[in-house]
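> build the 3D model from these lines:
(one chain, ligands or ions: 3)
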Amino acid sequence: MQRCISLSLNGEGMVAPNPMVGAVLVHEGKIIGEGFHRVYGESHAEVNCVNSVEPELQELIPHSVMYVSLEPCAHHGKTPPCADLIVARNIPEVVIGCVDSFSEVAGKGIEKLRAAGVKVTTGLLEDECRQVNRRFFTFHEQRRPYVVLKWAQSADGYIAPPDGAPVRISGPYADRLVHQWRSREAGIMVGTRTALNDNPRLNTRLWPGKSPVRIILDLGGKIPRDFHVHDGSVRTIFLTANEIDRSKALVPQVLALLHAESVQSILVEGGANLLQQFIHSGLWDEMRVITGQQPLGQGLRAPETGEVRLLEKLDVAGDEVAVYGRPA
Ligand SMILES: NC(=O)c1ccc[n+]([C@@H]2O[C@H](COP(=O)([O-])OP(=O)(O)OC[C@H]3O[C@@H](n4cnc5c(N)ncnc54)[C@H](OP(=O)(O)O)[C@@H]3O)[C@@H](O)[C@H]2O)c1
Ligand SMILES: Nc1c(NC[C@H](O)[C@H](O)[C@H](O)COP(=O)(O)O)[nH]c(=O)[nH]c1=O
Ligand SMILES: [Zn+2]
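Numbering: from 1, shown residues only. Ligands and ions are numbered 1, 2, ... in the order given. Okay, here's the model as predicted:
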């Protein structure tokens, strides 16, 4: 199953909104086939796994066990049901990492396999398999995008100078990492003042990968038409007074709207005002804080994190990158 998890990660940035999935076929303890879901809309891991078995070993398939990190699908989506393929290839046993909570599946794959006499085991490395697809599961189970908060702060805790002018706090390597993060999320969001002060592009020009949908808070329609966010280079959602009721809490409104737009995950890049509202709402999943090497001395303070749980700390060419989760 660990091999399935490693294989599944090859689909990162390519398969969303589908989950990342890996599968292996094992005959008498030996892997005879393996596969992963490569690209959204193309064949699933189970299919690529069966097709990877060498012609001379195909006869072993009915005597093998399939390990797969996510429950095989049971419906005709963009591709036929994998549960039907497993039955059709007479695979007698399937070991599943985690059940698929997507309503079209949600146990129906397991039911179909068992009804056809296939021995099914579920829950092997379940937490690890769910962690791989945390965006997918949050979207389908909590009916909101997976939320990653991110900011860069100076060594003394500021995110901007007093006049709010854009300033580079993180170094070129951390910037490249941020663009890799951008390529792994479906959406990227900033507040009105960040859009006005920084005129950001919010794309992935420093990393090979898909640029996320831009989500710009602009209730007053203040952002000039010649700013990058109006350049039409990527899909951009402007949140105006038509979509957002100022008298109500912002974050639940934004997340409901993005769920309706099928935006499975967002990277919230600031500023402090917007980030603080997400932190106070409790509707966030990861917090990634880059601390630069230079102090600013004064300016706009970084958001208050509140109680958090440290998940990871990296040194990126002198910049500290800390990843936090919500308290347990
Ligand atoms: N270092 C970093 O990582 C980083 C990241 C991003 C930004 N920055 C810097 O941070 C500064 C901007 O941050 P900021 O905290 O001042 O502003 P911000 O969070 O970018 O935007 C705040 C503005 O968004 C609108 N807004 C926020 N909540 C709202 C709500 N609930 N309903 C309606 N509108 C709402 C309001 O605009 P209106 O006032 O128009 O109503 C509010 O003034 C800039 O100087 C930028 O350079 C730094
Ligand atoms: N100042 C630093 C930021 N700022 C984040 C802002 O959202 C900024 O507007 C955005 O990064 C600009 O986007 P683009 O480059 O125009 O695409 N973020 C960092 O990671 N490091 C900083 O020093
Ligand atoms: Zn499938």
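> tell me which residues touch the nearest residue to residue 261 once chain neighbours are set aside, please.
With sequence-adjacent residues excluded and distances taken as C-beta to C-beta, 6 or more residues apart in numbering, residue 261 is closest to residue 237, at 6.7 Å. For the C-beta atoms, the positions are set from N, CA and C on the backbone; glycine is no exception. Residue 237 sits next to 187, 213-216, 258, 261, 263 when contact means C-beta atoms under 8 Å, 6 or more residues apart in numbering.
> again, 10 Å this time
187, 189, 213-216, 243, 254, 257-258, 261, 263 (C-beta atoms under 10 Å, 6 or more residues apart in numbering).
> endpoint to endpoint, stretch 6-20 covers what distance?
Stretch 6-20 has an end-to-end distance of 10 Å (criterion: C-alpha to C-alpha, to the nearest Å).
> ok, and for it, which residues are buried?
Residues of stretch 6-20 classed as buried: 7-8, 10-11, 13-16, 18-20 (neighbour count, 16 or more other C-beta atoms under 10 Å).
> which of these sit farthest apart?
Spatial extent of those (C-beta to C-beta) is set by the pair 7 and 16 at 16.8 Å.
> now do whichever residue of the stretch 151-300 of the chain sits closest to ligand 3, the pLDDT please.
Scanning the stretch 151-300 of the chain for the residue nearest ligand 3 gives residue 264, at 17.9 Å (criterion: C-beta to the ion). Here, the pLDDT recorded for residue 264 equals 98.
> chain center to stretch 45-57: distance?
Stretch 45-57 sits 28 Å away from the centroid of its parent chain (C-alpha atoms, centre = their mean, to the nearest Å).
> I should have written stretch 267-274 there, sorry.
Relative to its chain's centre, stretch 267-274 lies at 18 Å (C-alpha atoms, centre = their mean).
> please work out the average pLDDT along it.
On average, stretch 267-274 scores 98.
> circling back to that earlier point, now the buried residues of stretch 6-20 in CSV, with pLDDT and distance to ligand 2?
Below are the buried residues of stretch 6-20 laid out as CSV (pLDDT from 0 to 100; distance: C-beta to the nearest ligand atom, whole Å):
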residue, pLDDT, distance to ligand 2
7, 98, 31
8, 98, 28
10, 97, 27
11, 96, 25
13, 88, 17
14, 93, 22
15, 96, 24
16, 92, 20
18, 96, 27
19, 98, 28
20, 98, 25
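> turn these into JSON lines, columns for secondary structure.
Shown next, in JSON lines, are those (DSSP: H, G, I helix; E, B strand; the rest coil):
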{"residue": "7", "secondary structure": "helix"}
{"residue": "8", "secondary structure": "helix"}
{"residue": "10", "secondary structure": "helix"}
{"residue": "11", "secondary structure": "helix"}
{"residue": "13", "secondary structure": "coil"}
{"residue": "14", "secondary structure": "coil"}
{"residue": "15", "secondary structure": "coil"}
{"residue": "16", "secondary structure": "coil"}
{"residue": "18", "secondary structure": "coil"}
{"residue": "19", "secondary structure": "coil"}
{"residue": "20", "secondary structure": "coil"}
